[in-house]
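> Predicted structure and sequence below. I'll ask about it afterward.
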Amino acid sequence: MAVELNHTIVHATDRDASARFFADILGLPAPKPFGPFQVVQVDNDVSLDFMSGSGPVRPQHYAFLVGESEFDEIFGRIRERGLPYWADPMHRRSGEINTNDGGRGVYWDDPDGHSLEILTRPYGG
């Protein structure tokens, strides 16, 4: 069997709100409860399992490879909500998208400060 990522735990201040934020912005099905988690299923059989914690959340980075039409839809939701976005992971190019490797990419933050990214071409391709 090949090695494949199955799920990862996303620490959140409010697991329900954070899971809904991810699902809504990315256009995914509503989160489903599973034990102490709210689970957001992405299209390649990987789930993001949101868990509320008692301490501060250490921000992580989550990148999603999407098609051109999905990019337009997700980016549209980012702009509709008035969320700040950047062309780079260091948040230096505010209000821009990037065109790395012949694709498009953009970064924005979730309510807990996790850095989210959508890109239409894998880096180095």
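Alright, I've got the coordinates.
> Thought residue 10 was touching residue 46, still the case?
No: using C-beta atoms under 8 Å, residue 46 is not in contact with residue 10, being 11.8 Å away. From N, CA and C alone the C-beta is placed, and that goes for glycine too.
> And the helices in the protein?
15-26, 68-80 (DSSP state H).
> just checking, what packs against the last one?
In this case it means helix 68-80. helix 15-26, strand 105-109, strand 115-119 (3 or more C-beta pairs under 8 Å, 6 or more residues apart in numbering; DSSP states H and E).
> residues of the first one that come out buried?
In terms of neighbour count (16 or more other C-beta atoms under 10 Å), helix 15-26 has its buried residues at 15, 17-23, 25-26.
> Give me the mean pLDDT for that helix.
Averaging pLDDT along helix 15-26 gives 98.
> now the second one
Throughout strand 105-109, pLDDT has a mean value of 98.
> Counting by contacts, list what it packs against.
By 3+ C-beta pairs under 8 Å, 6+ apart, strand 105-109 packs against helix 68-80, strand 115-119.
> Mind putting those into a markdown table with mean neighbour count, mean pLDDT and distance to residue 42?
Shown next, in a markdown table, are those (neighbours: other C-beta atoms under 10 Å; pLDDT from 0 to 100; distance: least, C-beta to C-beta, whole Å):
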| stretch | mean neighbour count | mean pLDDT | distance to residue 42 |
| --- | --- | --- | --- |
| helix 68-80 | 14 | 98 | 11 |
| strand 115-119 | 20 | 98 | 12 |
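> Quick one: closest of the ones you listed to residue 104.
For these, proximity to residue 104 was assessed by C-beta to C-beta; helix 68-80 is nearest, at 5.6 Å.
> still on that earlier bit, dump the helices and strands packed on helix 68-80 to TSV, plus distance to residue 79.
Shown next, in TSV, are the helices and strands packed on helix 68-80 (distance: least, C-beta to C-beta, whole Å):
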stretch	distance to residue 79
helix 15-26	11
strand 105-109	10
strand 115-119	13
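> Select, out of these, the one closest to residue 37.
helix 15-26 (6.9 Å).
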